[in-house]
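*Asks:* have a look at this prediction, sequence included:
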Amino acid sequence: MDAIRNPFAPGAGTPPPELAGRDDLRTSIQVALERARIGRPAKSAMLVGLRGVGKTVLLDRIRGDAEAAGIHTVRIEAPEGRSLPALLAPQLRQALLRLSQVAAARDLAVRGLRALAGFASKLKVTFGDIEVGMDYAPEPGLADNGDLEHDLQALFEQVGLAAKAAGTALAVFIDELQYVEEAQLAALITAMHRTEQRQLPVVLVGAGLPQLRGRLGNAKSYAERLFDFPTIGPLAPQAARRAIEKPLADEGVRIAPEALEQILAVTQGYAYFLQQWGSHTWRAASVSPITADDVATASTTAVAALDESFFRVRFDRLTPKEKKYLRAMAEIGPGPHRSGDIAACYGAIVTSLAPVRSALITKGMVWSPNHGDTAFTVPMFDEFMKRTMPGDAWR
């Protein structure tokens, strides 16, 4: 096989050659955006799922769909340690500058830029990381109270009014939303609630780990009525097959049925793992059709690559206590697990491990599907923990 022609794309947010199994969701969000554009009620969406299911890829593809339809978009990623106002302000400035080029929206877009100037200048005292260009002087009394919840609401209203005047909509895409602090999430929810009440064409499409749903609900009790929460999970078998078969067929390569089933079994349909196994299987094969022996050979290198990148980068962020907690989870299986069972395996009482569990949730390593349950946010991480901390020495 020609290594240069390898069609598969394992990477962080790297678009796969075939985005299979996500058409219905893309269509539903396209409908919401078009409804917003014409002033009809439209629910924003929060894409939730484990690591490696393709949330970032899907978020970017939906954004591409929106831009192709003439919807204005902004996109941010919410890393740990950055404030939401600091991330939003430069992107909203760019959106308002673009809207100001539309004659019908110019005055409202300029007023939005004045609101942004007041927003940034007053909130910089609270959020020192805000850095944004000032194109116009602030308008006194507009988004300048110094209170995030009130000011973000006023700012989003101005952006929505400008988008409405321009005959378009603004779609705000935010990845890794689970890292945003609760008070800032509450302000974002309030701002979106206000734009919905005023039927302004602003739609939020967020993505995050499964705990995002609970964090939004804690921030504002009405969040679950304001947003749809589509779960992004492993691909269904038919879609997973297509994700492997079509890129191969496009290169004139076939795969034996038993080889394909082997890939589906080992990857469990997770989008990132499908790309890893596809890529390594291509490298392992010498001729078409690809055989089960090729997949078996590729599995060794694929697991090693995952261990040194996808898994290792998360493992290296952990403290010794956190590693031991996850190793105890792995010892009793993929999960989810009751806190008491983990504590028994760890060799400690439940209450003493509460801070460790809380830190792991904050780092996005585990989540709680139900009260008292704990599950990995990274598929197959239990197997990795056993490989990297073998035997009983971890106890």
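*Replies:* Done, it's in.
*Asks:* what's the neighbour count on residue 103?
*Replies:* 9 (other C-beta atoms under 10 Å). No exception for glycine: its C-beta is placed from N, CA and C like everyone else's.
*Asks:* and the helix or strand containing residue 92, how far from the chain's centre?
*Replies:* Secondary structure assignment for residue 92, by DSSP states H and E: helix 84-99. Remark: helix 84-99 is offset 20 Å from the chain centroid, using C-alpha atoms, centre = their mean, to the nearest Å.
*Asks:* residues in contact with that helix?
*Replies:* 72, 74-78, 105, 108-109, 112-113, 116, 119-120, 123, 127, 129-133, 135, 148, 152, 155, 159, 162-163, 166, 168, 170, 172, 174, 180-181, 184-185, 187-188 (C-beta atoms under 8 Å, 6 or more residues apart in numbering).
*Asks:* just stretch 23-42 next, same as before
*Replies:* 43-45, 47, 58, 61-62, 65-66, 69, 71, 164, 167-169, 171, 196, 199, 201-203, 205, 228, 230, 232.
*Asks:* now stretch 363-381
*Replies:* 50-53, 178-179, 209-211, 214, 234, 268, 270, 273, 306, 310-311, 314, 317-318, 322, 326, 329-330, 334-340, 342, 357, 360-361, 382.
*Asks:* so which of these sit within helices?
*Replies:* 214, 273, 306, 314, 322, 326, 329-330, 339-340, 342, 357, 360-361, 382 (DSSP state H).
*Asks:* quick check on those: which are buried?
*Replies:* 214, 273, 306, 314, 322, 326, 329-330, 339, 342, 357, 360-361, 382 (16 or more other C-beta atoms under 10 Å).
*Asks:* now the angle from the helix or strand just after the helix holding residue 92 to helix 84-99?
*Replies:* Using DSSP H and E, the next helix or strand after helix 84-99 towards the C-terminus is helix 106-123. Put simply, helix 106-123 runs at 160 degrees to helix 84-99, going by axes from the mean of the first three to the mean of the last three C-alpha atoms, to 10 degrees.
*Asks:* for the record, mean pLDDT for helix 106-123?
*Replies:* In this model, helix 106-123 has an average pLDDT of 96.
*Asks:* who are the packing partners of it?
*Replies:* helix 84-99, helix 148-165 (3 or more C-beta pairs under 8 Å, 6 or more residues apart in numbering; DSSP states H and E).
*Asks:* report the buried residues of the shortest one.
*Replies:* Translated: helix 84-99. Across helix 84-99, burial judged by 16+ other C-beta under 10 Å covers 84-93, 95-96, 98-99.
*Asks:* thanks again, I'm all set now.
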